[in-house]
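**Q** Only the shape, not the letters, is given here:
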């Protein structure tokens, strides 16, 4: 197993504090290691090195866009050579099945190729007589990643920051940090300057210190609402840009003319992708009253036929939750809804393993106002509706607005989908990837701040600078 180390100013270093929190094989519960925490001295050295490099325009900050693109392509080669290892680490610690982490691991290299392509296509500075208009790096960038898809999400953010010319300070989730360390190793092997990327392991406490430092010029964070609010407060105090992706209680609307088989398949995909631990997972299942008997029954049949098993088993359809504490949280949330009158429907057999398994769960019998909060797991609350007006009201009832899914006649879906308050609404399918590589991934309401996307995240790390001769 990889020994967790920080990477500061071009050197690998021991992380000084080992915490009394176990890191386990999510599929078996076997203890593999411990969480670790950086100290103040390491944070200071990393921040000072990034700030000095940026202010002196040396190292990564001194390279031209063409030179950065060439190095990002070398990094992509290095990441692609490590894709299998990255996938295995993420399956081990997050419980996501290997068939899916393998796809996500390939995205790491693709993210760096895409970022290099942006630089190659970038028109650069705009010149008009004696006026120069440029998009340039904002400065040192703090990037804080989640545990549910640690490698893929971090690679996207990191590639974008590096393409923009920012020296990056990376803090992975303390629950699944290993694959991100492999990404940093790949960048080092590819020959990126020492200041391009520094790695700091730790809990939220490390993230707080990193985000609050005035030398950080931009923060990109993916995680929970509480963490996002803390980041937003720190960035507001420093008057600096923040990019926040915070999840959502996403609705799936099965309209009166929905095909039952297609809608049921969409529901199962939305509940089980990343084991239900993804920001665009299904939270509220909204079903037209004419389908409220047939569709749930077909969903139960499909869930009963799933193989819930070891994340490394290629025959598993779904794996365990990421860690014990998260399973306990899901259990408490479901119990609270049961106490409010919810009827719990679970029909997927649990495996004879010691990991953090939790079956896909449908909850019925609740008032819509009792289900507005997100449950970050394979749990969906079902409500029926009489007409499109009521469906839209239910879909827009939560304070979130990340994703939505609408099933039915395509023309009918378009009419309804454009009234749903969500950054991305997909019609007649549920997919992990975005509708198009060129499409942004917006977040409305409590789901976040600022758009993500191939170009959108790249531009987040850049600012406009105007220079000219005054008449």
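**A** Thanks, I have it. These numbers were taken from a predicted model, which means no experiment stands behind them. Numbering: from 1, shown residues only.
**Q** Could you use CA atoms for every contact and neighbour count after this?
**A** Will do.
**Q** List the backbone torsions phi and psi for the nearest residue to residue 291 once chain neighbours are set aside.
**A** Of all residues not flanking residue 291 in the chain, residue 256 sits nearest, at 7.1 Å (C-alpha to C-alpha, 6 or more residues apart in numbering). Main-chain dihedrals, residue 256, degrees, to the nearest 10: phi -60, psi -30.
**Q** is it true that residue 256 touches residue 290?
**A** Yes - counting by C-alpha atoms under 8 Å, residue 256 touches residue 290, with 6.5 Å between them.
**Q** can you list residues touching both of the two?
**A** Counting by C-alpha atoms under 8 Å, 6 or more residues apart in numbering, residue 256 and residue 290 have no common neighbour.
**Q** Please identify which of these two sits among more neighbours.
**A** Comparing residue 256 with residue 290 by other C-alpha atoms under 10 Å, the one with more neighbours is residue 256, at 20 against 14.
**Q** Let me know the pLDDT of that one.
**A** Listed pLDDT for residue 256 reads 98.
**Q** In three-state terms, how would the residue nearest to residue 212 when sequence neighbours are not counted be classified?
**A** Nearest non-adjacent residue to residue 212, counting by C-alpha to C-alpha, 6+ apart: residue 234, 5.4 Å away. What DSSP: H, G, I helix; E, B strand; the rest coil gives for residue 234 is helix.
**Q** Can you tell me how far residue 234 is from residue 263?
**A** Separation of residue 234 from residue 263 (C-alpha to C-alpha, to the nearest Å): 42 Å.
**Q** Which one's more surrounded, those two?
**A** The neighbour comparison of residue 234 against residue 263 (other C-alpha under 10 Å) goes to residue 263, with 27 against 21.
**Q** is it fair to say that one lies in a strand?
**A** No - applying three-state DSSP, one finds residue 263 to be helix, outside a strand.
**Q** could we number from 7 for the rest of this?
**A** Shifting the count to begin at 7 puts that one at residue 269.
**Q** Quick check: beta-bridge partners of the nearest residue to it once chain neighbours are set aside?
**A** The spatial neighbour of residue 269 that comes closest, neighbours along the chain excluded (C-alpha to C-alpha, 6+ apart), is residue 413 at 6.1 Å. Here residue 413 shows beta-bridge partners residue 260, assigned using DSSP bridges.
**Q** need the contact list for residue 413.
**A** By C-alpha under 8 Å, 6+ apart, the residues touching residue 413 are 258, 259, 260, 261, 264, 265, 268, 269, 419, 433, 434, 435.
**Q** doesn't residue 412 make contact with the third one?
**A** Yes - the pair residue 260 / residue 412 is scored as a contact, 6.2 Å apart, by C-alpha under 8 Å.
**Q** Could you pull up the contacting residues of residue 181?
**A** 29, 41, 99, 153, 329.
**Q** Over to residue 386: give its phi and psi.
**A** Per degrees, to the nearest 10, the backbone of residue 386 is at phi -130, psi 140.
**Q** Residue 260 and residue 412 - which one has more neighbours?
**A** Ranked by neighbour count (other C-alpha under 10 Å), residue 260 and residue 412 place residue 260 first, with 31 against 27.
**Q** so where do the helices sit in the stretch 57-206 of the chain?
**A** 71-87, 89-100, 104-127, 156-170, 184-195 (DSSP state H, counting those that start in this stretch).
**Q** what do you get for the stretch 307-456 of the chain?
**A** Using DSSP H, counting those that start in this stretch, helices in the stretch 307-456 of the chain cover 330-345, 394-401, 416-423.
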